[in-house]
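>>> This is a predicted model, with the sequence first.
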Amino acid sequence: MQYTNDYEFTGKWITSKEFEGLDKINVFHRYLDRVTVPESKYQNAHILFRRRFALDEIKATKIIIGADDCFKLYINGSFVTECFCQCAREIDITEYLVKGENILAVHTYYQGLINRVFVSGDNCHGLICDVICDGKVLLSSDDSFLYSYHDAYSSNGKTGYDTQFSEVYDAGAKQVGFEKNDFDDSDWKQARLCKNDLTLYDTEAKPLVFETVKPKLTKTEYGYFLDFSSNYVGYLSFTARGKKGSKVLVRFAQELSENGRVRYEMRAGCRYEDVMLLSGGADTLKEFDYKAFRYAEIIMPDGAVLDEDTVVLTARHYPFSTAEKHFENGELESVWKLCAHTLKYGVQETVQDCPDREKGYYLGDGCYIALTFGKLTGDWLLFRQLIRDALKTKAVSPSLLTCLNCSLIQEIAEFPLIMIIAVNIYLSLSGDRAFVDEVIDDLKSVLDYYISEYTNGELVTKIDKWCVVEWPDNFRDNYDVSLEQNAFLHETHCVINAYFYGALTAFNELVKKAVYDTEKIKNAYLSAFYDKDRLCFKDSVNTDHSSIVSDVFSYAFGLCPDEKTKEKIIGDFEKRGITTVNMFSAFPMLYRLQRDGRDITKHILNPNAWLNMLSEGATTTFETWGKEQKWNTSLFHLTLSYAAFFL
């Protein structure tokens, strides 16, 4: 098999005895096929591998490594890197090596859940790697590796949208310290070769970087209160001593409750409470899965002692560098810093919508996040990766899936159209014609599928996907169309057709010719939705109701028939304010206003928008303009960080 950068592994996929003979579960299907995926036999499995190797001298050495679901890599007891994405990583490990015996140790993980995080729940687990020294393969994964399950980790319950397991970490488990050279692995078993054909995804994305953040630490009657001053994504670590078997409770939060304690039962639906079981000696907490948090509490059992100097947060994030920006307007600078911090510490191996409740690699949200990240940093790798990953899902659905590189299947009608519009914006910013040429045929095939399956030749009249229009639904301004997630939609409505026209127009601009007759589509759109007496757009052909989202998308994608209608819609938008809509409407509206030479500063400085987040204590952008505007608002949601795109 061929993997990242066309590299062909010498190593074999290895696994444990338990996974060796399992039948692979196919987790992929069309969203509305209502397929019942069997439950995986195993969940929350931590599987360790070790391999000794000798070096007579130190030469330039790298490892190419990947795992299904994910891995953390150690060389000679030192942490090297981790990857929570099913892709191969090429890492220079020369600095970790010594003359004589060396230890390669890998902590792999099989989550086993159907969710937005991993392609898991498929009964597939494995590790593959090659170590290449001075240009020659020094060792490869095979059955000479030893393995053991890591007994230190057990579940304290699932959290988020079955996103992750809260952890019970037993510091006295015999596998603690497995990464160290002097660890006794004499009772470990011989690795097994995988019978299933496992997969790694190609990626251009760079490996993560890691930072150490110290908290403001306050001793309390229950133990310790920690404040890291901002939201981060990563792991808490500390060393404590206490009676064997006693429990240290660790709680995390992005905000505080009214009593000043951490709100670990978060409004986003995550219950962030972990447990460390003490061994009777000096124990260091080693969390496996990451969380998104600012605050933490360490609740100490009687007689236990915390080494305060050891309390740190290891923040993980994608490499991020952007020039400092300074504004005469202090509020604009505050919005800029809020968005930049969100992007720096929120973007991981992929552009997730949020690193807490979902950790979802969403195509629609991802386009806006990746465009903003690229514009700020000049690094467009993640944008290109997003588009390539989305187009791979054609193997499941010709009109693409919504959540990428995961086993939760969802289809949202607007997202593939947003993608095509975003590629056109990408080209205007990057000038990268080569990438557009690489994907242009696939983009066309998506549009052609929409035309053949969903339209009457002009307008989208039916669709076997969820039309989200705007999210959450209280920002749809009573859009007069039934939008159910698990139902076919047989209604010709405004917003999906505005997106459809926008994508056709964007494609024509990409290829610099009129492949699609957009004038015909525009005329059909106006005939179906435009109310010339009220200078507005109706939500569907079955209603006279006009919502702000219908008007916003019509203006944003160039569907207004005249200047009078444009001014009417812009005036209504300014009167009602940007916070009448949310993440999916605000970006195209701001983009069109800016292209039309309009001043958008007043929208970004709307006191109920990003400034309201700041007034509510935000250190990262929210999912909505305020904490109470959704039943489970994430306070670390990357999409609305796109204010920085316009600054």
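Structure's in. What do you need?

>>> Helix, strand, or coil at the closest residue to Tyr7 other than its chain neighbours?
Nearest residue to Tyr7, sequence neighbours excluded (CB to CB, 6 or more residues apart in numbering): Ile64, at 6.1 Å. For the C-beta atoms, the positions are set from N, CA and C on the backbone; glycine is no exception. Under DSSP: H, G, I helix; E, B strand; the rest coil, the three-state class of Ile64 is strand.

>>> Asn632 and Val351, how far apart?
21 Å (CB to CB, to the nearest Å).

>>> and the longest strand along the chain, which strands flank it?
The longest strand of the chain (DSSP state E) is strand 223-241. In the sheet, strand 223-241 lines up against strand 216-219 (antiparallel), strand 282-284 (antiparallel), strand 291-299 (antiparallel), strand 305-317 (antiparallel) (DSSP bridges).

>>> residues of the helix or strand following the last one that come out buried?
Towards the C-terminus, the helix or strand next in line after strand 305-317, according to DSSP states H and E, is helix 330-346. When burial is assessed from 16 or more other CB atoms under 10 Å, helix 330-346 yields the following buried residues: 332, 334-346.

>>> The helix or strand in which Phe53 is found - contacts with which helices or strands?
For Phe53, the host element (DSSP H and E) is strand 45-55. Packing partners of strand 45-55 (3 or more CB pairs under 8 Å, 6 or more residues apart in numbering; DSSP states H and E): strand 100-110, strand 126-133, strand 136-140, strand 146-149.

>>> got the residue ranges for the helices in this protein?
Secondary structure of the chain, counting by DSSP state H: helices at 17-20, 330-346, 363-377, 381-392, 414-430, 433-454, 494-511, 518-529, 548-556, 563-576, 583-595, 601-604, 610-615.

>>> who touches the fourth one?
When you say that, I think you mean helix 381-392. Helix 381-392 is contacted from outside by 201-206, 318, 347, 350-351, 361, 363, 366-367, 370-371, 373-374, 400-401, 404-405, 416, 419, 422-423, 426, 432, 435, 439, 442-443, using CB atoms under 8 Å, 6 or more residues apart in numbering.

>>> 6 Å instead, please
203-205, 351, 363, 366, 370, 373-374, 400, 404-405, 419, 426, 435, 439, 442 (CB atoms under 6 Å, 6 or more residues apart in numbering).

>>> show me the contacts for Pro38.
Pro38 makes contact with Ile25 under the criterion CB under 6 Å, 6+ apart.

>>> how close does it get to Cys494?
Taken as CB to CB, the span from Pro38 to Cys494 is 41 Å.

>>> one step back: now the longest strand of the chain against helix 330-346, angle please.
30 degrees (axes from the mean of the first three to the mean of the last three CA atoms, to 10 degrees).

>>> Show me which positions of strand 223-241 end up buried.
223-226, 228, 230-236, 238-240.

>>> Return the member of those nearest to Ile463.
Nearest to Ile463 out of the buried residues of strand 223-241 is Val233 (CB to CB; 35.2 Å).

>>> The closest one bridge partners, please.
Residues in beta-bridge contact with Val233 (DSSP bridges): Ala292.

>>> pLDDT weak spots in the stretch 1-150 of the chain?
1-6 (pLDDT under 70).

>>> Can you give me the end-to-end span of stretch 386-402?
End-to-end distance for stretch 386-402: 11 Å, by CA to CA, to the nearest Å.

>>> Centre of the chain to it, how far?
Remark: stretch 386-402 is offset 16 Å from the chain centroid, using CA atoms, centre = their mean, to the nearest Å.

>>> circling back to that earlier point, reformat the helices and strands packed on strand 45-55 as TSV; add distance to Tyr501 and mean neighbour count.
Below are those laid out as TSV (distance: least, CB to CB, whole Å; neighbours: other CB atoms under 10 Å):
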stretch	distance to Tyr501	mean neighbour count
strand 100-110	44	22
strand 126-133	46	24
strand 136-140	53	16
strand 146-149	55	18
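
>>> How about the residue in this protein that sits furthest from its center?
Distance from the centre of the chain peaks at Asp533, with 44.4 Å (CA atoms, centre = their mean).

>>> how close does that residue sit to Gly66?
61 Å.

>>> what's the answer for Ile569, then?
Taking CB to CB, one finds Ile569 at 50 Å from Gly66.

>>> More neighbours: which of the two?
Gly66 (28 against 22; other CB atoms under 10 Å).

>>> hey, where'd the strands end up in the stretch 151-300 of the chain?
For the stretch 151-300 of the chain, applying DSSP state E, counting those that start in this stretch gives strands covering 153-159, 164-170, 189-190, 192-193, 209-213, 216-219, 223-241, 247-253, 273-277, 282-284, 291-299.

>>> among those, which is the most enclosed?
Compared across the strands of the stretch 151-300 of the chain, strand 291-299 shows the largest average neighbour count, a mean of 24 (mean count of other CB atoms under 10 Å).

>>> What is the burial count for the closest residue in space to Thr455 that isn't next to it in sequence?
Leaving out its chain neighbours, the residue that sits closest to Thr455 by CB to CB, 6+ apart is Thr461, at 6.3 Å. A total of 18 residues lie near Thr461 under the criterion other CB under 10 Å.

>>> The chain should start at 29 in everything you say after this.
Done: numbering now begins at 29, and the last item shifts to Thr489.

>>> Which pLDDT value does the model give Thr489?
Model confidence at Thr489, given as pLDDT, is 97.

>>> And for the one 3 residues further on?
pLDDT recorded at Asp492 is 94.

>>> Same check on Gln513?
Gln513 is given a pLDDT of 85.

>>> and it, what is it in contact with?
Neighbour list for Gln513: Trp494 [criterion: CB under 6 Å, 6+ apart].

>>> Could you check how many residues crowd around Asn151?
Applying other CB under 10 Å, we find 20 residues neighbouring Asn151.

>>> related to what we said a few turns ago, could you dump the strands of the stretch 179-328 of the chain to CSV with distance to His631 and mean pLDDT?
Conversion of these to CSV gives the following (distance: least, CB to CB, whole Å; pLDDT from 0 to 100):
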stretch, distance to His631, mean pLDDT
strand 181-187, 35, 97
strand 192-198, 36, 98
strand 217-218, 61, 98
strand 220-221, 58, 98
strand 237-241, 33, 98
strand 244-247, 35, 98
strand 251-269, 25, 98
strand 275-281, 31, 98
strand 301-305, 39, 98
strand 310-312, 48, 98
strand 319-327, 27, 98
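
>>> Alright, that wraps it up for me.
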